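Asks: Using only what follows, build the 3D model:
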Amino acid sequence: YLVFKLDQLADEPYSVVWFHTRSTYWQNCPSLAWLWRTYERLPSKYRTNLHRLFVVHCDMPLWVGLAALGPLFSEALWRKVEWISRVEFLWDHIGKKQLAVPDFVAEHDSVLEDQPLMDYGVVATKEVNSLPGMPAPI
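Replies: You can find the predicted model right below:
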């Protein structure tokens, strides 16, 4: 299916947007081995004409896993990867009318307004914590 879809686009430069929203490395995410095998099996025209790979809402385990694979991928491929933390920053690279953003991605983006580090495993609680030995603020 991937090759069928890419075959319609790959004769000229194209970009791929990967929404990693609400995925984890352990659930609902392709394994790093699968990513590597798929990349290696793609005909060269697909790899050559890939202009950018945008990874939106990347979490820390995926980022570390991809960084560990770094030596296996060519430097040319790594120059094509863009890490996008928020959908609003994606619009700096792609026109809004070129891409339909799923509702759950937009919802996740709105949650990041209040908790910008959530994708990196840092989740704020509603309770305000005080310094040790200090009374909680009123």
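
Asks: quick one: contacts for the most centrally placed residue in the chain?
Replies: Centroid-nearest residue in the chain, with CA atoms, centre = their mean: Val55, separated by 2.6 Å. The neighbours of Val55, taking CB atoms under 8 Å, 6 or more residues apart in numbering as the test, are Trp18, His20, Leu62, Val81, Glu82, Trp83, Ile84. Any C-beta I mention is one placed from the backbone N, CA and C, and that applies to glycine too.

Asks: Find the nearest non-adjacent residue to the last one, please.
Replies: Spatially, and ignoring its direct neighbours in sequence, Ile84 is nearest to Val56 (4.6 Å; CB to CB, 6 or more residues apart in numbering).

Asks: Which stretches in the chain count as strands?
Replies: Along the chain, counting by DSSP state E, strands occupy 14-19, 50-56, 81-84.

Asks: TSV for these, including distance to Leu66?
Replies: Formatted as TSV, the strands of the chain follow (distance: least, CB to CB, whole Å):
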stretch	distance to Leu66
strand 14-19	11
strand 50-56	8
strand 81-84	8
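
Asks: if I look at Glu12, how far off is Leu72?
Replies: Distance, Glu12 to Leu72, by CB to CB, to the nearest Å: 27 Å.

Asks: more neighbours, those two?
Replies: Using other CB atoms under 10 Å, the more surrounded residue of Glu12 and Leu72 is Leu72, with 11 against 7.

Asks: Now do the end-to-end distance for stretch 36-55.
Replies: 16 Å (CA to CA, to the nearest Å).

Asks: List the buried residues for that stretch?
Replies: Buried residues in stretch 36-55, counted by 16 or more other CB atoms under 10 Å: Tyr39, Leu42, Tyr46, Leu50, Phe54, Val55.

Asks: Tell me who's in contact with the fifth one.
Replies: If I follow you right, that is Phe54. By CB under 8 Å, 6+ apart, the contact set of Phe54 is Ser15, Val16, Val17, Trp18, Glu82, Ile84, Leu90, His93, Ile94.
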